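Asker: Give me a model of this one.
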Amino acid sequence: MASTDTALPPEPLFRSRVGARIGELLLFASLGGVVTTFVWASRRGFDLTDEGYYLQLYARAEEGPRTGSTQFNRLVDLLSGGWELGIVGYRLAGLLLLVGCSVLLAYAVYMFIRAFHSELARALPSRTGITAFVALAGLLGYAWLPLTLSYNTIATGLAQVIVALVLVSLGNRHAGVRRGLTVVLEMTAGLSVSLLFFVKWPSAIVLMILIVVFCVGVLGRLQAARPLATIVGSALVWSLVVTQAVSWFSFNDLFSGISQLASGGHNPSELLWQYAADIREALLATVLDSPLRLVALGALLSGGFWIGRPNRRRRNLHFMMCMAGAIYVLVEAWDAPYFSRTSKPSFIVSVLVAVAIISVTVLASTKRPISEDSLSMAPTVWLLALLLALPPTVALGTNNSIFTGSLVAAAGYGAFLVVILAVLGSRSRSLLALQYSLALPVLGFVLAAQVFNGVVADPYRLPTSRLNQTEPVAGVERMRGIMLDPPGARFIEAVHRVVYEQTAFRPGDRVIAFAKLPGLVYILDGVGPGDLWIHPPETGNQAADCEELAVDAENVALTTLILQNDEPSPELKACLTELIPAYPGDFVEVGRVPIPGDYGAGTGSGTILQVLALRGGPAGPLRLNE
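Answerer: I've put the predicted structure just below:
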């Protein structure tokens with residue numbers, strides 16, 4: 001087969017259109033605005049719950065718990081060489097990971113289509129245009145996630161890398177070029193699969209199944225055997241190498257954590273029923289509750305497509321429909337449903353439903369029979385299916401809404417939208433430039449607005465916007481360079497002062513903080529035994545928290561400091577009494593600090609943080625400054 005590697009990139013059908021150039025600039029302006037806003041926000045605010053949990057795991061990866069269904073913190077420690085990056089460093093690392101992997105995915109999609117369907121590649125925007133829109137979509141997770149590097153962002157990055165490597169590999173095999181490099185790409189994909197298994201095993205298993213189906217669908221069973229054997233074989237080999245070379249990567253720990261989660265709120269069958277209910281509710285809400293939004297999105301995305309022969313009257317009609325849809329979407333971008341944390345996926349679902357309706361209408365009504373190019377379009381159809389399945393695959397395994405969880409991997413949705421517009425545009429090209437000069441920039445603006453809202457206006461588990469995070473935290477090394485709102489800064493300073501002035505606490509000492517306050521352990525430079533996360537007593541989950549603590553009994557027994565914003569449940573109190581010989585008799589209260597606003601993640605304004613220190617016991621010397 002003739003090589004396409006040395007051929008010049010296909011000339012886009014609308015490269016000379018001024019509107020398309022303007023649209024590309026608007027996309028980059030939106031992307032640049034989001035990245036600049038993120039960098040500005042990286043020094044403002046701190047979430048004591050999830051963000052604190054992640055940072056504490058990174059800070060003490062080797063000393064922390066050796067059980068859990070995810071070992072993402074150990075991967076971060078391995079890749080960082082044991083260096084702690086700090087609050088700002090881990091936030092910027094997450095940003096770079098998502099942007100970089102989204103760019104890689106966009107490039108791979110372009111190269112795959114260029115290899116398998118060069119005519120369709122002419123209907124795509126330029127590589128820079130694809131990159132900007134897909135990268136914008138890839139940052140949508142920050143509309144609801146904490147800013148720091150998390151297991152969600154790491155799983156997303158690995159999944160996107162796997163898909164990108166597979167796409168480039170299949171393109172090379174189809175073109176018969178770069179055979180040596182192709183094998184290296186497939187082996188790297190296998191390595192990424194093995195790492196994803198340790199980070200988020202449900203996503204790794206399902207994604208591997210999708211990759212197998214995709215490769216067979218694109219190349220056929222015989223030709224797909226070699227790349228699949230390379231990917232699967234290298235994944236198994238790398239898994240063994242990783243567990244042997246890095247001693248604290250452990251299959252035993254992983255399976256133990258999976259077993260514990262399955263007996264709690266992450267039971268697989270319950271999660272599947274929940275996901276089915278999420279899909280049903282989202283579709284019903286999109287079709288029944290927001291019909292005008294759906295029509296507007298359809299008008300925006302349909303742009304220059306029409307049924308029958310084009311003429312000036314129909315062209316003007318569709319131009320006005322497209323403009324009306326764009327204006328409506330911009331107005332709706334500021335409406336509450338788009339920015340409500342409980343309704344965050346509504347816009348994505350609306351877009352996907354609108355695209356489905358338009359696709360069926362255009363493909364069914366075109367005068368060009370589908371059967372004429374069904375064979376050449378088959379790889380692209382498989383690509384669309386893979387991109388559409390990628391975000392929910394990454395979301396698997398958590399008890400969040402399947403659509404909300406998929407937002408962190410929305411780069412797949414972005415790439416899907418770009419490709420589907422190219423497919424439709426290749427059948428009716430008269431106003432193709434309008435799609436990329438208006439539809440994608442408007443959607444890109446809405447994506448940027450959602451990210452801005454989640455990063456600045458309504459940040460994850462902060463009591464106020466980041467615009468109010470203006471007060472530096474004095475005397476706390478971990479918070480150097482970070483600004484909080486004044487009540488939050490005073491709270492952190494007060495806790496740090498009580499612990500370090502009223503007790504003999506030293507960095508590295510064991511600390512138990514509840515409920516939902518692992519960030520305090522990080523700020524104090526302590527080590528949290530168990531899984532670090534203890535639920536409020538009213539949730540009924542403290543019995544499960546006891547099981548996590550019991551697994552790490554050796555560290556729990558060394559606890560010298562307890563921070564509590566609520567009385568422990570009888571189950572937790574009995575557990576602590578059994579695991580800590582000195583509890584509760586030798587723990588004395590050394591201070592009380594009011595928790596301002598929502599810093600306790602639902603504990604409420606005015607809740608008191610009680611600081612208990614160990615007077616003596618198995619830790620040896622007196623722990624209380626008297």
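
Asker: what are the ranges of the strands in the stretch 1-150 of the chain?
Answerer: Along the stretch 1-150 of the chain, no stretch is classed among the strands by DSSP state E, counting those that start in this stretch.

Asker: Show me the longest helix that occurs in the chain.
Answerer: helix 86-116 (DSSP state H).

Asker: What helices and strands are in contact with it?
Answerer: Applying 3 or more CB pairs under 8 Å, 6 or more residues apart in numbering; DSSP states H and E, one finds that helix 86-116 makes contact with helix 18-41, helix 50-59, helix 118-121, helix 127-138, helix 151-175, helix 374-395, helix 411-425. For the C-beta atoms, the positions are set from N, CA and C on the backbone; glycine is no exception.

Asker: quick one, which of the ones you listed is nearest to Val183?
Answerer: Ranking the helices and strands packed on helix 86-116 by their distance to Val183 (criterion: CB to CB) puts helix 151-175 first, at 8.5 Å.

Asker: C-terminal to that closest one, what's the next element?
Answerer: On the C-terminal side of helix 151-175, the closest following helix or strand by DSSP states H and E is helix 179-199.

Asker: low-scoring stretches of the stretch 301-450 of the chain, by residue?
Answerer: For the stretch 301-450 of the chain, residues meeting the criterion pLDDT under 70 lie at 301-323, 325-376, 425, 427-437.

Asker: try it again with 90
Answerer: 301-378, 381, 396-407, 417-450 (pLDDT under 90).

Asker: for the stretch 451-600 of the chain, same thing?
Answerer: Ranges of the stretch 451-600 of the chain meeting pLDDT under 90: 451-454, 457-464, 504, 508, 514-517, 528-555, 565-568, 581, 584-585, 594-600.

Asker: all strands of it, in order?
Answerer: Under DSSP E, counting those that start in this stretch, the stretch 451-600 of the chain gives strands at 471-472, 483-484, 510-514, 559-564, 587-594.

Asker: got the angle between the helix or strand just after the last one and strand 587-594?
Answerer: Going back to what we said before, that points to strand 587-594. Counting by DSSP H and E, the next helix or strand C-terminal to strand 587-594 is strand 608-614. Counting by axes from the mean of the first three to the mean of the last three CA atoms, to 10 degrees, strand 608-614 points 150 degrees away from the direction of strand 587-594.

Asker: picking that back up, can you redo the strands of the stretch 451-600 of the chain as CSV, where the extra columns are distance to Glu493 and mean neighbour count?
Answerer: Formatted as CSV, those follow (distance: least, CB to CB, whole Å; neighbours: other CB atoms under 10 Å):
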stretch, distance to Glu493, mean neighbour count
strand 471-472, 10, 15
strand 483-484, 10, 23
strand 510-514, 17, 25
strand 559-564, 15, 23
strand 587-594, 10, 16
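
Asker: So for Asn172, which of those sits nearest?
Answerer: When the strands of the stretch 451-600 of the chain are compared by CB to CB, strand 483-484 sits nearest Asn172, at 48.6 Å.

Asker: List of residues touching the closest one?
Answerer: Here strand 483-484 makes contact (CB atoms under 8 Å, 6 or more residues apart in numbering) with Arg43, Arg44, Gly45, Phe46, Gln469, Thr470, Glu471, Pro472, Val473, Ala489, Ile492.

Asker: From those, list the buried ones, please.
Answerer: Arg44, Gly45, Phe46, Gln469, Glu471, Val473, Ala489, Ile492 (16 or more other CB atoms under 10 Å).

Asker: what's near enough to touch the closest residue to the last one other than its chain neighbours?
Answerer: Nearest residue to Ile492 in three dimensions, chain neighbours excluded: Val473, at 5.2 Å (CB to CB, 6 or more residues apart in numbering). For Val473, the contacting residues are Met479, Arg480, Ile482, Met483, Leu484, Ala489, Ile492, Glu493, taking CB under 8 Å, 6+ apart as the criterion.

Asker: out of the residues you listed, which are inside helices?
Answerer: If you go by DSSP H, those have Ala489, Ile492, Glu493 in helices.

Asker: how about the residues you listed in a markdown table, adding distance to Ser203?
Answerer: Supplementary listing: the ones in helices among the contacts of Val473 in a markdown table, determined by distance: CB to CB, whole Å:
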| residue | distance to Ser203 |
| --- | --- |
| Ala489 | 38 |
| Ile492 | 35 |
| Glu493 | 40 |
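
Asker: which of those lies closest to Ser239?
Answerer: So of the ones in helices among the contacts of Val473, ranked by how close each gets to Ser239 (CB to CB), first place is Ile492, at 40.8 Å.

Asker: which residues sit in contact with the nearest residue to Gly141 once chain neighbours are set aside?
Answerer: What sits nearest to Gly141 in space, not counting adjacent residues and going by CB to CB, 6+ apart, is Val408, at 3.2 Å. Shown in contact with Val408 (CB under 8 Å, 6+ apart): Leu98, Leu140, Gly141, Leu145, Asn152, Thr153, Thr156, Pro391, Val394, Ala395.

Asker: And the last one, how close does it get to Phe403?
Answerer: If you measure Ala395 against Phe403 using CB to CB, to the nearest Å, the figure is 8 Å.

Asker: next one: Leu79
Answerer: 30 Å.

Asker: Between these two, which is the more surrounded one?
Answerer: Using other CB atoms under 10 Å, the more surrounded residue of Leu79 and Phe403 is Phe403, with 23 against 12.

Asker: Hmm, Arg280 and the more buried one touching each other?
Answerer: No. Taking contacts as CB atoms under 8 Å, Phe403 lies outside contact range of Arg280: 11.3 Å.

Asker: still on that earlier bit, any chance of the contacts of strand 483-484 in CSV, plus distance to Lys516?
Answerer: Listed next are those as CSV, based on distance: CB to CB, whole Å:
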residue, distance to Lys516
Arg43, 24
Arg44, 21
Gly45, 17
Phe46, 14
Gln469, 20
Thr470, 25
Glu471, 23
Pro472, 25
Val473, 20
Ala489, 20
Ile492, 16
